[in-house]
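J.: below are the sequence and a predicted model; questions follow.
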Amino acid sequence: KSQKQKFKRGDLLKGRSRALLWGQNIGCEGAAAMEFVDTGAPQAAPPPMKHSGPAPVSITDVKVVNAVAPFGDPLRFEVTFECTAPLAGDLEWSIVYVGSADDNSRDQTLVEVEVGPVPAGTSRFELVGDAPNPTLIPPDDLMGVTVVLVCCGYVGQEFLRIGYYVNNEAPEGVEPTVQSVVRTLLADQPRVTRLDIDWSVPPPPEEE
């Protein structure tokens, strides 16, 4: 599995996950259903980050599809991005749920997918991650405010991280469960972090 560059929080949790995505290259007729599966295959550590000219990829819009939903529902984001030229490798996307503000080992990687091939132009897809496992969250952190991160990288180099505040609460007098707890993402208040990377790094060869 691709190693992640350290950003504001520590390394993402190890594990494997799977997601079904739909994708469309805007301006082309029709849309193609796509399935991306994390193989879990080990890869070499990414090279040091360095700036190599203007970034060929610009994330133009990320919409939270289900900002208010039961805690047990998947998290869904509609992502739109522009690319000035076809990419040699895939874009690496992930969703991370911060289980504890004091312990980054409680972070849960809800999904990791590789999106590609990436053509020049504007593209859109839906990124879907499973709900976090409540048994892996400290009891004192199950309710209240936390953070969900949407991350994107290229050849093991993370260049974008979008953080959304999340509030989990149950109606008064109702026992908290994965269906009774309401998860609310503050979709209009994202915190965006960008980092320059070396876009000239070639992707690893595909296994035959």
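T.: Great, that's in hand.

J.: make it CA atoms for all contacts and neighbour counts henceforth
T.: OK.

J.: next secondary structure element downstream of the helix or strand where Asn168 lies?
T.: Assessed by DSSP states H and E, Asn168 sits inside strand 157-169. Beyond strand 157-169 in the direction of the C-terminus, DSSP H and E gives the next helix or strand as strand 182-185.

J.: mean confidence for that following strand?
T.: For strand 182-185, the per-residue pLDDT values average out at 96.

J.: coming back round to it: mind checking how far the strand holding Asn168 is from the chain centre?
T.: Strand 157-169 sits 8 Å away from the centroid of its parent chain (CA atoms, centre = their mean, to the nearest Å).

J.: and that strand, which strands flank it?
T.: Strand 157-169 has its sheet partners listed here by DSSP bridges as strand 144-154 (antiparallel), strand 182-185 (antiparallel), strand 191-194 (antiparallel).

J.: output the below-cut-off pLDDT ranges for the chain.
T.: 1-53, 208 (pLDDT under 70).

J.: measure the residue of the chain most remote from its centre to Ser105 for me?
T.: Within the chain, Gly173 marks the point farthest from the mean C-alpha position, 34.2 Å out by CA atoms, centre = their mean. Using CA to CA, to the nearest Å, we find Gly173 at a distance of 32 Å from Ser105.

J.: next one: Pro54
T.: Per CA to CA, Pro54 is found 34 Å from Ser105.

J.: try Ser58
T.: Taken as CA to CA, the span from Ser58 to Ser105 is 30 Å.

J.: would you map the strands across the chain?
T.: 18-25, 32-37, 57-64, 68-70, 75-83, 91-97, 108-115, 121-129, 144-154, 157-169, 182-185, 191-194 (DSSP state E).

J.: which residues touch Ala55?
T.: 196, 199 (CA atoms under 8 Å, 6 or more residues apart in numbering).

J.: let's go with 10 Å and repeat that
T.: Contacts of Ala55 were listed using CA atoms under 10 Å, 6 or more residues apart in numbering, and they are 83-84, 159, 196-199.

J.: from Glu92, how far out is it?
T.: Distance, Ala55 to Glu92, by CA to CA: 15 Å.

J.: same question for Pro70.
T.: Taken as CA to CA, the span from Pro70 to Glu92 is 27 Å.

J.: what's the burial count for Pro203?
T.: When counting by other CA atoms under 10 Å, one arrives at 14 neighbours for Pro203.

J.: quick check: phi and psi on it?
T.: Pro203 adopts backbone torsions of phi -70, psi 160, taken as degrees, to the nearest 10.

J.: go ahead and confirm it touches Gly89.
T.: Yes - between Pro203 and Gly89 there is a contact under CA atoms under 10 Å: 5.3 Å.

J.: which neighbours do the two share?
T.: Joint contacts of Pro203 and Gly89 (CA under 10 Å, 6+ apart) are 154-155.
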